[in-house]
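Q: Quick check, what structure comes out for this input:
(one chain, ligands or ions: 1)
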Amino acid sequence: MNTRETLKQRLGLTDADFIKPVPQPMPWSQAFWDGAREGRLLLKTCADCGHVDHPPYLFCTECGSERSDWRQAQGIATLAAFAVNTYGVPAAFVEDLPFVLAMVDLPEGPRMISNIVDSEPNELRNGMALEVVFHTRDDGIVLPKWRPSKQRGSHG
Ligand SMILES: [Zn+2]
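A: As a prediction, the model looks like this:
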């Protein structure tokens, strides 16, 4: 019996308990999600002061301007902090265990919360170089995630 069926039986859960929260694209973040669907990591950049806001927001959180451009990020980052989840997560995420939740620093400025994939948790180190990968969900939403850079080393 697989994990889901076992949990349903033991805890009285239904398939609805395994539905993950989905990002809700908003008018001011739609371009980010459209970009991800095309395999591009887009960052909302203030047209007046150049500040990059992520997650994208209604206006620039630095100067308040509503004028912005979407610029493609390099797709690299540095691992700032991470947690290896092995238990104690909502039912919808049990099937993913163990998984890594992380904060990653982009050279463009933002610190992004995401997952580290395609790696063994014990090989992760703060400061290591990462590259973006795009994971397509069954419902078509594409989530940017990160994996250790093929070049290794740090972007220092
Ligand atoms: Zn600004």
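
Q: So Thr3 versus Phe18, what's the distance?
A: 10 Å (C-beta to C-beta, to the nearest Å). In this view, the C-beta of every residue, glycine as well, is placed from N, C-alpha and C.

Q: do Gly88 as well
A: As it turns out, when the distance is counted by C-beta to C-beta, Gly88 lies 16 Å from Phe18.

Q: returning to what we had before: give the residues shared as contacts by Thr3 and Phe18.
A: Both Thr3 and Phe18 are in contact with Glu95, where contact means C-beta atoms under 8 Å, 6 or more residues apart in numbering.

Q: So what sits opposite the nearest residue to Val117 once chain neighbours are set aside in the bridge?
A: Taking C-beta to C-beta, 6 or more residues apart in numbering, and ignoring the residues beside it in sequence, Val117 has Lys145 as its nearest neighbour in space, at 4.9 Å. Lys145 has these beta-bridge partners by DSSP bridges: Val133.

Q: quick one: contacts for Lys145?
A: Neighbour list for Lys145: 114-117, 132-135 [criterion: C-beta under 8 Å, 6+ apart].
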